[in-house]
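sequence first, predicted model second:
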Amino acid sequence: MTTSENKKVYFASDQHLGAPTPEQSFPREQKFVAWLNEIKKDAEAIFLLGDLFDFWFEYKTVVPKGFVRVLGKLAEIKDSGIPIYFFVGNHDLWMNDYFEKELNIPVYHKPQEFSINGKLFLIGHGDGLGPHDKGYKRMKKVFTFKPFQWMFRWLHPDLGVRLGQYMSVKNKLISGDEDAKFLGEENEWLVQYCKRKLTTKHYDYFIFGHRHLPMNISLNDKSTYLNIGDWINYYTYGVFENQELKLEEYK
């Protein structure tokens, strides 16, 4: 990908729309839609790095109720010719092909490499990467196990979605407790993951979400790790223009 003159590439993550209640989430959805409406003026591409929804499950003919404004805005932007790339997070990992069929937005379940203006990026949500986090890794294996998803699909949507929303809201990151505090570079699992990747291949930029903390960390003199924060406490996002990647806050 090569950006046109005065065009930018945008990155956003962890909006958790629907949490802790649809009513409390609604202003956050409005703010995110307003941001999308602003950046479409100069966006070359938009990367959404997961947990757009606090819970998402695709039945064969049913998806969770709500989110009409953000889905409509994404459809409008994509239809205007601006590429959008979506990476599933741990809260919307049960996303299948709804975005691809309805919005023509590709969906990724693992980190992907992208070359932008000659710089090599590794981009993903960030869950389950790096050392530790073994409890979540075991849970993810269960949740992504096809027979488990098949059994869950047999729950009536009124029950299944309500159960999923209840479990998702229990996530500690939503309540903003100690899990969302900076742990130091040596204890940040994604930092360790990035450093390990650099032992086998060079990347100019690693961009992840999941941690709900804005971070811009130099891994060496040529590589940078950017965590783009969230839309619960920080309203931060990443911007790549020409050769520069930076964090900004939407106010």
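Great, that's in hand.

how close does Gly89 get to Asp158?
Gly89 sits 24 Å away from Asp158, taking CB to CB, to the nearest Å as the criterion. C-betas here are computed from N, CA, C, even on glycine.

so which of those two has more stuff around it?
Legend: neighbour count by other CB atoms under 10 Å for Gly89 and Asp158, higher for Gly89 (26 against 10).

give me the three-state assignment for that one.
At Gly89 the chain is in coil, as set by DSSP: H, G, I helix; E, B strand; the rest coil.

so it touches Gly209, yeah?
Yes - at 6.8 Å, Gly89 and Gly209 qualify as touching, with contact defined as CB atoms under 8 Å.

what sits in contact with each of the two?
Overlap between the neighbourhoods of Gly89 and Gly209 consists of 13-14, 49-51, 125, taking contacts as CB atoms under 8 Å, 6 or more residues apart in numbering.

most neighbours among these, which one is it?
For these, neighbours were counted by other CB under 10 Å; the highest total belongs to Asp51, with 33 neighbours.

list the residues that contact Glu100.
With contact set as CB under 8 Å, 6+ apart, Glu100 has these partners: 106-107.

also Ser168?
Ser168 neighbours (CB under 8 Å, 6+ apart): 18-19, 54-55, 91, 174.

swap in Phe53?
For Phe53, the contacting residues are 15-18, 64, 67, 91-92, by CB under 8 Å, 6+ apart.

just among these, which is most surrounded?
Comparing these by number of neighbours (other CB under 10 Å), His91 comes first, having 30 neighbours.

once you drop chain neighbours, what's closest to that residue?
Distances taken as CB to CB, 6 or more residues apart in numbering put Asp51 closest to His91, at 4.5 Å, once the chain neighbours are dropped.

secondary structure element holding that neighbour?
Following DSSP states H and E, one finds Asp51 outside all helices and strands.
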